[in-house]
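S.K.: From the sequence below, what's the structure:
(one chain, ligands or ions: 2)
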Amino acid sequence: MSVAAGRIVLKSPREIELMRAAGRLVVRVLDAIEGEIRVGCTTASLNATAERLIREAGAQALFLGVTNPQSRGPFPASICSSINDEVVHGIPDERTLAEGDIVKVDCGVRLRGYCGDAARTFAVGRIAPEARRLLEVTKGALDLAVENVRPYQPWGKVAKLMQEYVERAGFGVVRDFVGHGIGREMHEEPKVPNYVDRRSRDADFELLPGMTLAVEPMVTVGKPDVEYRDRTRWTVVTKDGSLAAHFEHTLAVTQDGVSVLTDGK
Ligand code: MG
Ligand code: MG
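M.R.: Ligands and ions are numbered 1, 2, ... in the order given. Presented below is the predicted three-dimensional model:
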């Protein structure tokens, strides 16, 4: 059974294995999408692939039907697909991907009652050196989190490492969106920021074995400020129009470190 530590729900080894199974399905979806991405393909077609694989597995797409008080109508798709200056929560549509684009694909599923959530940023054809570096640094920030999560340490230590790494590279860390606890629900306590400031220090928490977290750095080439631009008020874009990248894993804190639940193993 789950154990509550404050408002954070710790998971049993059995529950973590169920989350790993959900994570494996997320990996299968992201791998399939990676194989389909090419110049001229639409994000709607990527969504159709995700929808089919999730349905065939008897699972549920977490994003489909989610409501947000700021947005017009429920989220209409199984994945989020966000192109170039779109950071997160982009809606798949009939736009075609062009040479040099970068596209963020975020996929969350619930399988047998437990959730997995992961995101990757893909290059479409050949991309500019700066875009390539953005992808490397954002993935690097996530890798740094995986390497540094240890039980009985404050999350803020990891967040600080991620922020310093990204800012040393000359990029920005998005503040308005953060990672989250995950388990039976896609969004559980705590909030998992990719930076530190006074507010995040006040809300900092100790990493404990059995804690399951979706860690998801969102990184911008320019300033980290974001806004909504489209009519639906779902798609989050950079205010200055600069490129953004996003990588995410679902992690479980273990007795001696961390286990990545969305690495497909
Ligand atoms: Mg996600
Ligand atoms: Mg997430």
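S.K.: Going by C-alpha atoms from here, please, whenever you check contacts or count neighbours.
M.R.: Fine.
S.K.: for stretch 163-173, how far is the first residue from the last?
M.R.: For stretch 163-173, the first-to-last residue distance is 7 Å (Cα to Cα, to the nearest Å).
S.K.: do stretch 123-130 as well
M.R.: Stretch 123-130 has an end-to-end distance of 12 Å (criterion: Cα to Cα).
S.K.: Buried residues, it. List them.
M.R.: For stretch 123-130, the neighbour count (16 or more other Cα atoms under 10 Å) marks 123, 124 as buried.
S.K.: per-residue confidence averaged over that stretch?
M.R.: For stretch 123-130, the mean per-residue pLDDT is 98.
S.K.: List of residues touching it?
M.R.: Residues outside stretch 123-130 that contact it (Cα atoms under 8 Å, 6 or more residues apart in numbering) are 37, 38, 39, 97, 98, 99, 100, 101, 102, 103, 132.
S.K.: Of the residues you listed, keep whichever come out buried.
M.R.: 37, 38, 39, 97, 98, 100, 101, 102, 103.
S.K.: Assign the fifth one to helix, strand or coil.
M.R.: The assignment at residue 98 comes out as coil when based on DSSP: H, G, I helix; E, B strand; the rest coil.
S.K.: is any part of the lengthiest helix in the chain close to ligand 1?
M.R.: Assignment by DSSP state H gives helix 13-36 as the longest helix of the chain. No: judged by Cα under 5 Å from the ion, helix 13-36 stays clear of ligand 1, getting no closer than 10.0 Å.
S.K.: Can you spell out which helices and strands pack onto that helix?
M.R.: In terms of contacts (3 or more Cα pairs under 8 Å, 6 or more residues apart in numbering; DSSP states H and E), helix 13-36 is packed against helix 43-56, strand 102-111, strand 114-123.
S.K.: Poorly predicted segments of this protein, please.
M.R.: Within the chain, the stretches with pLDDT under 70 are 1-6.
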